[in-house]
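Colleague: Requesting a structural model of the entry that follows:
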Amino acid sequence: MIAPDPWPPPGLSAPARRALAGAGMGIPQQLAAHTEKEILALHGLGPKALGPLRAALTAARLSFTQEMK
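Modeller: Predicted structure coming up:
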């Protein structure tokens, strides 16, 4: 059996991990329901967090929701 990828992904700061937990994003599917802009609006999450988050979503065969124009 293959172990699931760790969540939150490695490489995130403690404030970023707390922000995800506080926003109820305990699994990649919950993160994928949001746009990058929404994630960056969370206190504790900055542009440096997007790399590990994108990688985690890609590993789960997911992606951020696209913004509506």
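
Colleague: C-alpha only now, for contacts and for neighbours.
Modeller: Noted.

Colleague: residues contacting the residue nearest the centre of the chain?
Modeller: For the chain, residue 53 is the residue whose C-alpha lies nearest the centre (Cα atoms, centre = their mean; 4.1 Å). By Cα atoms under 8 Å, 6 or more residues apart in numbering, the contact list for residue 53 reads residue 9.

Colleague: Within the helices and strands, which one has it?
Modeller: helix 47-59 (DSSP states H and E).

Colleague: Now do residue 29 against residue 6, distance only.
Modeller: Per Cα to Cα, to the nearest Å, residue 29 is found 13 Å from residue 6.

Colleague: what do you get for residue 55?
Modeller: 12 Å.

Colleague: Of these two, which one has the most company?
Modeller: Shown here are residue 55 and residue 6; by other Cα atoms under 10 Å, residue 55 has more neighbours (14 against 10).

Colleague: Report the separation between that one and residue 68.
Modeller: Distance from residue 55 to residue 68, by Cα to Cα: 23 Å.

Colleague: Same question for residue 7.
Modeller: 28 Å.

Colleague: Break down this protein into its strands, ranges please.
Modeller: Here the chain has no strands by DSSP state E.

Colleague: Poorly predicted segments of this structure, please.
Modeller: For the chain, the stretches flagged by pLDDT under 70 are 1-4, 69.
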